[in-house]
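Student: how would this look folded up:
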Amino acid sequence: MRKILIPLTLIITLISGFLVTNSLIQEDGTKAGIAKSLTIDDYVIKIESCAGGNFDSTTIFSKTVLECFALDVFKPIIEAKDFDLLNKVMHQAELKHPTFFLPCHNLMHTVVKFLPKDVNELRKILFALKKPACQGGLVHGVFDAVSLSNPTLEELRSIGDVCENYEKWHQKTNDFSYKSLALYCSDAMGHASYDTTKDLNNAVDRCYQVLDLYEQRIPCVEGVMMQRYEPASGEGGLGYERAVNELPDFCQSIKSKFSSNEPFLGCHDGAAYVYMRPAHYAQTCFAEGCDSKSIGNRVFEEIKNVYNLCVKYHNDSEQRRCTEKISMQLPEIIYNDETLLKKSCGLFENDKERGICYNFNKERLKRVEKGLA
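Tutor: Model (predicted):
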């Protein structure tokens, strides 16, 4: 089988990567206590050494590279409890190696193995964060640890207070780093809400119970959908086909259940994310059809299918959340081929969505440069 290296978080590499991570937590004190003596640049050099200069997902989630990241980067920094340094290191690596942007998020989920399992300690870690990195990867890693701690509703509520504080700090300071943290935190709360209930209805209810702000309940419900059908670990999700069978009716059913429309909107956002996964997986190189044209055609057909699903089951006269969301979630290969980008964005009949589609990659890069993603 020929291999095409594409900067995409592939399901196969995710599954193997996270299984490997479970075996990495052998106690090795030789690197403890050195985090503060090393600079951000020192750790970026370690990251480059671990990856061998290749930052695609296949490489990052290989056993050897995961072990290197775990022992040379994550463990010493986390043992020194310098989580601000960890975010700064990963952000600097993203800036220096743009391909690292996509696998970086799921890589940061693996830090859960080095984190405490005490909710109060995890709350302190979240509270101390000043900027996101890797699309909120550390925030999500912390919430993975929260889920493993089997939290009570009150403990989840205390974590939700941190998410809301991010939003309040943004409103007070106009620092958009806090806005990003608020959204990542709320989304991660959705993942934890499903992990701690394993039930779609109860998880959506939990978003309402632990978060009070309108703008945070929407990403929370979206996170519920992600965790139920396509979790970052690649393990335990119910998958795309189950989502297509369940979500159209479920999203409509919760429209009248709640006094406000956050769950309804969040459900459509989550559907868009889950429906788009096959388009991302279509970038995988199979035994045949590994040339870029064949892959591009395969990805385009999947995007067209997702667009049609959104129009048929999720858009209505009042909102277009599903199609607007997928305009921001095209697979990476699309942005590397101008012809394919125009063809894919041309699917969107709405001018706003078409414009988002064309410009999203540039805006995403700007957000990374500003430390907002």
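Student: show me where this protein has strands.
Tutor: Using DSSP state E, no strands are found in the chain.
Student: what stretches of it score poorly on pLDDT?
Tutor: The model of the chain has pLDDT under 70 over residues 1-36, 285-289.
Student: domain ranges for it?
Tutor: Listed by automatic domain parsing, the domain ranges of the chain are 1-114, 115-270, 276-360.
Student: Highest mean neighbour count out of those domains?
Tutor: Stretch with highest mean neighbour count among those: domain 115-270 (a mean of 20; mean count of other CB atoms under 10 Å). Heads up, the C-betas are built off the backbone N, CA and C, glycines and all.
Student: between the domains of the chain, which gets nearest to Lys366?
Tutor: Lys366 lies closest to domain 276-360 among those, at 10.1 Å (CB to CB).
Student: so how far does that closest one reach from one end to the other?
Tutor: This stretch, domain 276-360, spans 16 Å end to end (CA to CA, to the nearest Å).
Student: still on that earlier bit, now the domains of the chain as CSV including distance to Val368?
Tutor: Listed next are these as CSV, based on distance: least, CB to CB, whole Å:
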stretch, distance to Val368
domain 1-114, 6
domain 115-270, 9
domain 276-360, 13
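Student: Quick one: closest of the ones you listed to Gly371.
Tutor: Comparing the domains of the chain by CB to CB, domain 115-270 comes nearest, at 4.9 Å.
Student: now the end-to-end length of the closest one.
Tutor: End-to-end distance of domain 115-270 (CA to CA): 28 Å.
Student: likewise stretch 230-240?
Tutor: End-to-end for stretch 230-240, by CA to CA: 8 Å.
Student: How far does it sit from its chain's centre?
Tutor: Here stretch 230-240 is found 12 Å from its chain centre; the criterion is CA atoms, centre = their mean, to the nearest Å.
Student: cool, stretch 222-235 as well?
Tutor: Worked out by CA atoms, centre = their mean, stretch 222-235 lies 9 Å from the chain centre.
Student: next one: stretch 149-157
Tutor: Taking CA atoms, centre = their mean, one finds the center of stretch 149-157 at 22 Å from the center of the full chain.
Student: right, and Phe101 touches Glu94 too?
Tutor: Yes: between Phe101 and Glu94 there is a contact under CB atoms under 8 Å: 5.3 Å.
Student: got any residues that touch both of these two?
Tutor: Here Phe101 and Glu94 have Cys134, Val368 as joint contacts, going by CB atoms under 8 Å, 6 or more residues apart in numbering.
Student: To Leu372, which of the domains of the chain lies closest?
Tutor: domain 115-270 (4.7 Å).
Student: wait, which of the domains of the chain is closest to Glu369?
Tutor: Among the domains of the chain, the nearest to Glu369 by CB to CB is domain 1-114 (6.7 Å).
Student: returning to that earlier point: to Ala373, which of the domains of the chain lies closest?
Tutor: Among the domains of the chain, domain 115-270 comes nearest to Ala373, with 5.5 Å by CB to CB.
Student: The stretch 151-300 of the chain: helices as residue ranges?
Tutor: Per DSSP state H, counting those that start in this stretch, the stretch 151-300 of the chain carries helices over the ranges 153-173, 176-195, 200-210, 214-229, 240-253, 262-275, 277-281, 292-313.
Student: Take those and lay them out in TSV including distance to Ile60.
Tutor: Converted to TSV, those look like this (distance: least, CB to CB, whole Å):
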stretch	distance to Ile60
helix 153-173	28
helix 176-195	20
helix 200-210	30
helix 214-229	20
helix 240-253	24
helix 262-275	21
helix 277-281	16
helix 292-313	20
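Student: out of these, nearest to Gly53?
Tutor: Comparison of the helices of the stretch 151-300 of the chain against Gly53 by CB to CB identifies helix 292-313 as nearest, at 22.1 Å.
Student: Can you tell me which helices and strands the closest one packs against?
Tutor: Helix 292-313 sits against helix 240-253, helix 262-275, helix 277-281, helix 321-326, helix 332-335, helix 338-345, with contacts defined as 3 or more CB pairs under 8 Å, 6 or more residues apart in numbering; DSSP states H and E.
Student: chain center to it: distance?
Tutor: Centroid displacement of helix 292-313 relative to its chain, using CA atoms, centre = their mean, is 21 Å.
Student: For that helix, output the C-alpha coordinates as CSV.
Tutor: Output in CSV follows, covering the C-alpha atoms of helix 292-313 (Å, rounded to 0.1, in the frame of the first residue of the first chain):
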residue,chain,number,x,y,z
SER,A,292,-4.3,13.3,-5.4
LYS,A,293,-7.0,13.6,-8.0
SER,A,294,-8.7,10.4,-6.9
ILE,A,295,-8.5,11.4,-3.3
GLY,A,296,-9.8,14.9,-4.1
ASN,A,297,-12.8,13.5,-6.0
ARG,A,298,-13.5,11.1,-3.1
VAL,A,299,-13.5,13.9,-0.6
PHE,A,300,-15.6,16.2,-2.8
GLU,A,301,-18.3,13.5,-3.1
GLU,A,302,-18.4,13.1,0.7
ILE,A,303,-18.7,16.9,1.2
LYS,A,304,-21.6,17.0,-1.3
ASN,A,305,-23.3,14.2,0.6
VAL,A,306,-22.9,16.1,3.9
TYR,A,307,-24.3,19.3,2.4
ASN,A,308,-27.3,17.5,1.1
LEU,A,309,-27.9,15.9,4.5
CYS,A,310,-27.8,19.3,6.2
VAL,A,311,-30.2,20.9,3.7
LYS,A,312,-32.6,18.0,3.9
TYR,A,313,-32.7,17.3,7.6
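Student: the inter-axis angle of that helix versus helix 338-345?
Tutor: Angle of helix 292-313 versus helix 338-345, following axes from the mean of the first three to the mean of the last three CA atoms, to 10 degrees, is 10 degrees.
Student: picking up where we left off before, want to throw the helices and strands packed on helix 292-313 into TSV with distance to Asn297?
Tutor: Below are those laid out as TSV (distance: least, CB to CB, whole Å):
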stretch	distance to Asn297
helix 240-253	20
helix 262-275	19
helix 277-281	12
helix 321-326	18
helix 332-335	11
helix 338-345	9
